[in-house]
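Asks: Here's a sequence, model it:
(chains A, B, C and D)
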Number of protein chains: 2
Amino acid sequence: MAAPAPPLAQQPCENCSIRAHAVCARCQDTQLAQLESLKYCRSFDAGQVIVWAGERMEFVGTVLSGMADLTQQLVDGRRQMVGLLLPGDFVGRPGRAVARYTITATTATTLCCFKRDQFEDLLQETPDLAGRLLAMTLDELDAARDWMMLLGRKSARERIASLLVILARREAALIGQKPEGRIGIELPLTREAIADRLGLTLETVSRQFGALKTDRLIVLEGARRVVVPSFAALVAECGDDAEEALA
Amino acid sequence: MAAPAPPLAQQPCENCSIRAHAVCARCQDTQLAQLESLKYCRSFDAGQVIVWAGERMEFVGTVLSGMADLTQQLVDGRRQMVGLLLPGDFVGRPGRAVARYTITATTATTLCCFKRDQFEDLLQETPDLAGRLLAMTLDELDAARDWMMLLGRKSARERIASLLVILARREAALIGQKPEGRIGIELPLTREAIADRLGLTLETVSRQFGALKTDRLIVLEGARRVVVPSFAALVAECGDDAEEALA
DNA sequence: CGTCGGATTGAATGCTGTCAATTCCGGTGG
DNA sequence: CCACCGGAATTGACAGCATTCAATCCGACG
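Replies: Here you go, the predicted structure:
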């Protein structure tokens, strides 16, 4: 299950591919040097649990590569994914020692980590860091509220379409673009994981993928890759008024 | 519809009943004096819209009294309430000029406001303010994620029970207590508003209130007040594992 | 080639939504 | 004081979408 993580070379921040989107985005060179001296990398295999809900969590970090998810469970085992972590996303919470959600690596994942107490000190001294973290948290809050709309009011078909749109937008945003026309979307999630994200069952997810395929809105290339002939047509299936910028 | 708001006396911060829970909770006296010189109050009648989604919003503020809600809508009019604002809650978003959600006063509501640009300047200069806002935003994010669990996975009955528990906890927290034993809960929301919060229809809400009443878990005193004979029994209906601290 | 996990498909059930009628309740005006 | 009004809430009957349970299919891998 948990294969030993290979030691990861300490990459300098200036070469970091996700720096523009990460918590350190606004930091000056001198601050960056300070971060650099404290940071360390951790790697996780696909499927490996990064933190269990209720467990102490002594670090915070940023996703460098891969994908991870935050999940919550009810007494009888019903699960809901409450967050999907992509490169640039922040992991953990300053000021809280105990994790509220279980974090699992969906694909092989690398994290750029700091010890939590050290990071908290940095936050105090570095307004650029604190300000950026606030902005990111506010964005995540907006995104979470958009998900509430999806989970509370959207049909199964609209939920699937919305997820694809969100993933396409996030994927494009990392390289500073906007999705348009014919696009491909990687889907490293199982049907069950998708169901847990969308508040559905895996069977319903599968059926709706089938329906979208029948309606020529998507083409499936295996179970984990989707080609969208017309991104605009897919957006029209989401039920949203204007386009949203969910995460 | 929008009756003229009566001019509100400028109350000094030291007497403010919700200061311990508000964004200014950590501020020192000198900072507080600065806030005091910039703040102004606004009042809204029950039902009045505070801001429309898409409208420019040139202020931020804190709820002093009353209740307001954040709502989002789909093209065909389906609505989802994505936030419930109670005394102490922060309204608006530094760094964003355009409101993403429509804010409506559920009951008569008073706000302690700052001009947005002035508040942004204060945030830069006042780490106590910025840190507190970050902590509050992180709490709201956790709460939003708990709502995602509710909306994605809980049954109608569990949703109603959860809402009552949440309101009871918030009400108790304002006076520094924990709900226990026999308690009363004020419900200033219509069945439709409750439905929009819980991702249900007003008929389902009504039926589930009836079912909880039949099962002796609640007693209805009119439509807008609920008495809970045993708070613990109600919590057991929520489906949660441990108790949550949702907002 | 067989196995195993994931994905798809099918049939039946059920929870919640929809549409519609009725009751309740608070406020108003005679 | 009471009759009336209108919005909110309740209740009923029925439909539908998503779930549940179960069988089959697919593809990667040993």
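Asks: Check which helix or strand residue A:37 maps to.
Replies: Counting by DSSP states H and E, the element that carries residue A:37 is helix A:29-38.
Asks: Tell me which residues are up against that helix.
Replies: Residues from elsewhere that reach helix A:29-38 (Cβ atoms under 8 Å, 6 or more residues apart in numbering or on different chains): A:12-14, A:24, A:27, A:114-115, A:118-119, A:122, A:126, A:128-129. For the C-beta atoms, the positions are set from N, CA and C on the backbone; glycine is no exception.
Asks: For the residue most central in space within chain A, list each beta-bridge partner.
Replies: With distances taken as Cα atoms, centre = their mean, residue A:85 lies nearest the centre of chain A, 2.1 Å away. Using DSSP bridges, the beta-bridge partners of residue A:85 come out as residue A:68.
Asks: any idea how far it is from residue B:27?
Replies: Distance, residue A:85 to residue B:27, by Cβ to Cβ, to the nearest Å: 33 Å.
Asks: do residue A:18 as well
Replies: 35 Å.
Asks: And residue A:19, by the same measure?
Replies: Note on residue A:19: its distance to residue B:27, by Cβ to Cβ, is 33 Å.
Asks: which stretches of chain A form helices?
Replies: A:29-38, A:116-125, A:127-153, A:156-174, A:191-198, A:202-214, A:231-235 (DSSP state H).
Asks: Export those helices as JSON lines, with columns for mean neighbour count and distance to residue B:169.
Replies: Listed next are the helices of chain A as JSON lines, based on neighbours: other Cβ atoms under 10 Å in any protein chain shown; distance: least, Cβ to Cβ, whole Å:
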{"stretch": "helix A:29-38", "mean neighbour count": "13", "distance to residue B:169": "38"}
{"stretch": "helix A:116-125", "mean neighbour count": "16", "distance to residue B:169": "27"}
{"stretch": "helix A:127-153", "mean neighbour count": "21", "distance to residue B:169": "19"}
{"stretch": "helix A:156-174", "mean neighbour count": "21", "distance to residue B:169": "30"}
{"stretch": "helix A:191-198", "mean neighbour count": "22", "distance to residue B:169": "26"}
{"stretch": "helix A:202-214", "mean neighbour count": "16", "distance to residue B:169": "33"}
{"stretch": "helix A:231-235", "mean neighbour count": "17", "distance to residue B:169": "39"}
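Asks: could you dump the ones you listed to TSV with mean pLDDT?
Replies: TSV is the format used below for those (pLDDT from 0 to 100):
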stretch	mean pLDDT
helix A:29-38	94
helix A:116-125	96
helix A:127-153	97
helix A:156-174	96
helix A:191-198	98
helix A:202-214	98
helix A:231-235	97
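Asks: Could you export these as CSV, including distance to residue B:227?
Replies: Formatted as CSV, the helices of chain A follow (distance: least, Cβ to Cβ, whole Å):
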stretch, distance to residue B:227
helix A:29-38, 54
helix A:116-125, 43
helix A:127-153, 28
helix A:156-174, 37
helix A:191-198, 36
helix A:202-214, 39
helix A:231-235, 47
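Asks: To residue A:44, which of the ones you listed lies closest?
Replies: Nearest of the helices of chain A to residue A:44, taken as Cβ to Cβ: helix A:191-198 at 15.7 Å.
Asks: Which residues of chain A lie near DNA strand C?
Replies: Within chain A, the positions lying close to DNA strand C (Cβ under 7 Å from any atom of the strand) are A:190-192, A:202-203, A:205-207, A:209-210, A:220, A:223-224.
Asks: tell me which of these is nearest to DNA strand D?
Replies: residue A:203 (3.7 Å; Cβ to the nearest atom of the strand).
Asks: For that closest one, list the residues it contacts.
Replies: If a contact means Cβ under 8 Å, 6+ apart, then residue A:203 has no contacts.
Asks: Tell me how far it lies from chain B.
Replies: 16 Å (Cβ to the nearest Cβ, to the nearest Å).
Asks: Looking at chain A, which residue is nearest DNA strand D?
Replies: For chain A, Cβ to the nearest atom of the strand, closest residue to DNA strand D: residue A:204, 2.9 Å.
Asks: Looking at residue A:19 and residue B:27, which is more packed in?
Replies: For the pair residue A:19 and residue B:27, the greater number of neighbours falls to residue B:27 (20 against 17), based on other Cβ atoms under 10 Å in any protein chain shown.
Asks: For the more buried one, which residues are in contact?
Replies: Contacts of residue B:27 (Cβ under 8 Å, 6+ apart): B:35, B:126, B:128-129, B:132.
Asks: Can I get the residues you listed in JSON lines including distance to residue A:235?
Replies: Formatted as JSON lines, the contacts of residue B:27 follow (distance: Cβ to Cβ, whole Å):
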{"residue": "B:35", "distance to residue A:235": "43"}
{"residue": "B:126", "distance to residue A:235": "41"}
{"residue": "B:128", "distance to residue A:235": "43"}
{"residue": "B:129", "distance to residue A:235": "39"}
{"residue": "B:132", "distance to residue A:235": "38"}
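Asks: Quick check: of those residues, which lies closest to residue A:154?
Replies: Proximity of these to residue A:154 (Cβ to Cβ) peaks at residue B:132, which lies at 34.5 Å.
Asks: Surely residue A:178 and residue A:172 touch.
Replies: Yes: judged on Cβ atoms under 8 Å, residue A:178 makes contact with residue A:172 at a distance of 5.8 Å.
Asks: so who does residue A:221 touch?
Replies: A:184, A:227.
Asks: domains in chain A, as residue ranges please.
Replies: A:13-140, A:154-235 (automatic domain parsing).
Asks: Indicate which one of those domains is closest to residue B:142.
Replies: Evaluated with Cβ to Cβ, the domains of chain A place domain A:13-140 nearest to residue B:142, the distance being 5.9 Å.
Asks: Run the chain-centre distance for that closest one.
Replies: Offset of domain A:13-140 from its chain centre (Cα atoms, centre = their mean, to the nearest Å): 10 Å.
Asks: do stretch A:158-172 as well
Replies: That offset, for stretch A:158-172, works out to 12 Å (Cα atoms, centre = their mean).
Asks: check whether it contacts DNA strand D.
Replies: No: shown here: stretch A:158-172 not in contact with DNA strand D (Cβ under 7 Å from any atom of the strand), separated by at least 7.6 Å.
Asks: cool, stretch A:103-122 as well?
Replies: No: under the criterion of Cβ under 7 Å from any atom of the strand, DNA strand D is not reached by stretch A:103-122; the shortest gap measures 13.2 Å.
Asks: first vs last residue of that stretch, how far apart are they?
Replies: 24 Å (Cα to Cα, to the nearest Å).
Asks: With stretch A:23-31 instead?
Replies: End-to-end distance for stretch A:23-31, by Cα to Cα: 12 Å.
Asks: And for stretch A:64-81?
Replies: For stretch A:64-81, the end-to-end distance is 21 Å (Cα to Cα).
Asks: quick one: it near DNA strand D?
Replies: No: counting by Cβ under 7 Å from any atom of the strand, DNA strand D is not contacted by stretch A:64-81; separation bottoms out at 7.9 Å.
Asks: Can you list the buried residues in that stretch?
Replies: Using 16 or more other Cβ atoms under 10 Å in any protein chain shown as the test for burial, stretch A:64-81 gives A:64, A:66-74, A:78-81.
Asks: Residue A:210 is in contact with residue A:156, correct?
Replies: No: assessed by Cβ under 8 Å, residue A:156 is found out of contact with residue A:210, at 11.5 Å.
Asks: contact partners of stretch A:177-194?
Replies: Taking Cβ under 8 Å, 6+ apart as the rule, stretch A:177-194 contacts A:67, A:69, A:81, A:106-107, A:160, A:163-165, A:167-169, A:171-172, A:197, A:200, A:202, A:205-206, A:221, A:223-232.
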